[in-house]
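> what's the 3D shape of this:
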Amino acid sequence: MHIVMMTNTYLPHVGGVARSVEAFSAALRDYGHKVMVVAPEFPDMPETETDVVRVPAIQRFNGSDFSVRLPVPGLLTDPLERFQPDIIHAHHPFLLGDTAMRVASTRGIPVVFTHHTLYEEYTHYVSPESEGLRRFVVDLSTGYANLCDHVIAPSQSVAALLQQRGVTAPITVVPTGVNLEPFARRAGKRFRQAHGIPVDAFVAGHIGRLAPEKNLMFLARTIASFLRKRAQAWFLVAGAGPLLEEMKEHFGAEGVLDRVRFAGILKGKDLVNAYAAMDAFVFASQSETQGMVLVEAMAAGTPVVAVDASGVREVVQDGVNGRKLSVEDADSFCTALAWIADLPAEARKTLSRNARKTARGMAMPVCADKLSSVYKSVIRKKAAWEVSEEDLWQAAMRRIGAEWKLLGNIAHAAGTALVGAEVSEDGVA
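Okay, the predicted model is just below:
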């Protein structure tokens with residue numbers, strides 16, 4: 001198959017969507033498929049890339065980690081003509097997501113869309129506390145999903161949410177798989193030594209983007225409380241983002257900053273070793289569609305303590321491979337961490353074995369096979385239409401139809417948001 005991935009985030013951007021696109025593209029290529037990635041330009045991106053087409057973009061829109069594509073007519077025409085795609089896989093419902101719909105309609109090929117993100121949890125980058133904008137974003141992404149031939153949900157929780165919101169397109173759950181091979185060569189003790197963490201310390205850790213939607217200040221307050229109660233406990237943080245300085249200030253004010261290590265953005269073996277250096281991975285985000293970092297932690301044999309939410313409940317089994325908390329409560333979180341810290345050595349090993357077993361069930365080959373099957377099924381249902389000179393009129397009509405549907409979706413989402421705002425102002429809802 002010839003597969004085009006269209007994404008608003010990609011390397012060297014560090015984030016779940018970028019990593020998912022990279023991982024699936026590599027796995028599908030290993031299986032003999034052709035994959036072309038269409039993504040925005042980013043600072044420090046590789047000078048040479050194979051089967052990657054970059055489009056001009058405005059960087060760090062409104063202080064976020066995201067790029068906004070600049071429209072350049074005809075930029076993709078030649079690369080797509082050479083590549084001859086069988087299917088388009090959109091990873092966002094806007095910007096390059098719109099482009100995916102136009103390309104697929106023009107060429108008469110199917111569109112698959114992965115609903116990676118709960119987009120309403122990111123509207124604070126545009127307009128803080130805007131309920132109307134949140135409603136608009138939900139309706140926009142729901143409408144986009146219904147314009148596609150098939151929808152991929154990263155977890156069963158997200159699949160259920162999409163159906164609840166009115167997505168009628170076929171949905172298949174396909175999480176982003178984890179490449180387990182690097183985790184077989186982990187060196188947690190070496191990582192501790194390199195970062196000045198005692199070998200016998202109990203280390204709680206977190207890896208990810210340090211941003212408000214990850215609920216990190218709750219986590220910082222909770223971990224600071226745990227560190228005050230446990231003199232042998234340390235906290236390891238890997239990642240970067242707008243909350244970095246605020247987190248440092250909080251740990252400093254609580255008098256525990258000397259037992260906190262901020263390791264920055266980690267990749268490759270350093271990332272694997274960081275997971276292995278932890279005794280427990282801690283996670284409080286409630287905006288995830290898939291707990292990818294949770295599976296990576298478990299691949300290193302590290303149990304997880306997390307607040308129950310989408311992306312968590314499919315991975316964490318309470319008391320089996322970690323602790324899953326039913327409510328967001330600092331005391332309960334600290335108690336769960338203490339439970340792991342106080343387990344006998346053999347019980348800790350059992351927890352670790354169970355974590356690795358969970359990760360094996362979400363290995364990349366398993367997930368890539370499932371995604372490949374979805375592609376083949378969708379292509380069979382909607383045979384590709386090769387546009388010849390005789391078909392130019394039909395292609396133009398399909399393109400106009402796609403534009404009309406996209407505009408209709410935006411108009412519907414905007415109308416729903418405005419009506420909701422008016423109702424709220426009148427005090428009816």
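
> Going by C-alpha atoms from here, please, whenever you check contacts or count neighbours.
Will do.

> List the residues that contact Pro182.
By Cα atoms under 8 Å, 6 or more residues apart in numbering, the contact list for Pro182 reads Lys269, Val272.

> Likewise for the one 4 residues further on?
Taking Cα under 8 Å, 6+ apart as the definition of contact, the neighbours of Arg186 are Lys269, Val272, Asn273, Ala276, Ala300.

> can you check Leu294 too?
Phe281, Val304, Val312, Val315.

> cutoff 10 Å now
Leu294 is in contact with 206-207, 275, 281-283, 302-306, 311-312, 315-316, 355, 359, counting by Cα atoms under 10 Å, 6 or more residues apart in numbering.

> tell me the pLDDT at Glu22?
Note on Glu22: pLDDT of 93.

> Verify the stated contact: it with Ala39.
No - using Cα atoms under 10 Å as the test, Glu22 is too far from Ala39 to be in contact (11.2 Å).

> who has more neighbours, those two?
Ala39 (23 against 15; other Cα atoms under 10 Å).

> secondary structure class for that one?
strand (DSSP: H, G, I helix; E, B strand; the rest coil).

> Can you tell me how far it is from Pro175?
According to Cα to Cα, to the nearest Å, Ala39 and Pro175 sit 21 Å apart.

> which of the contacts of Arg186 lies closest to Gly166?
Distance to Gly166 across these (Cα to Cα) is lowest for Ala300, with 38.1 Å.

> State the pLDDT value of that closest one.
97.

> Same question for Phe183.
So Phe183 comes in at 95 (pLDDT).

> That one - how many residues pack around it?
Neighbours of Phe183 (other Cα under 10 Å): 22.

> Pull the contacting residues for it.
Applying Cα under 10 Å, 6+ apart, the residues contacting Phe183 are 269, 271-273, 275-276, 296-301, 356.

> Give me the contacts around stretch 157-173.
Here stretch 157-173 has contacts from 112-118, 138-139, 141-156, 288-290, 309-314, 367, 370-371, 374, 378, using Cα under 10 Å, 6+ apart.

> Contacts only, for Gly16.
Gly16 touches 9-10, 22, 116-117, 176, 208-209, 288-293, counting by Cα under 10 Å, 6+ apart.

> Redo the residues you listed as JSON lines? Include distance to Gly108 and secondary structure.
Output for those, formatted as JSON lines (distance: Cα to Cα, whole Å; DSSP: H, G, I helix; E, B strand; the rest coil):
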{"residue": "Thr9", "distance to Gly108": "26", "secondary structure": "coil"}
{"residue": "Tyr10", "distance to Gly108": "26", "secondary structure": "coil"}
{"residue": "Glu22", "distance to Gly108": "26", "secondary structure": "helix"}
{"residue": "His116", "distance to Gly108": "25", "secondary structure": "coil"}
{"residue": "Thr117", "distance to Gly108": "27", "secondary structure": "coil"}
{"residue": "Thr176", "distance to Gly108": "28", "secondary structure": "coil"}
{"residue": "Gly208", "distance to Gly108": "39", "secondary structure": "coil"}
{"residue": "Arg209", "distance to Gly108": "38", "secondary structure": "coil"}
{"residue": "Glu288", "distance to Gly108": "33", "secondary structure": "coil"}
{"residue": "Thr289", "distance to Gly108": "30", "secondary structure": "coil"}
{"residue": "Gln290", "distance to Gly108": "31", "secondary structure": "coil"}
{"residue": "Gly291", "distance to Gly108": "35", "secondary structure": "coil"}
{"residue": "Met292", "distance to Gly108": "33", "secondary structure": "helix"}
{"residue": "Val293", "distance to Gly108": "37", "secondary structure": "helix"}
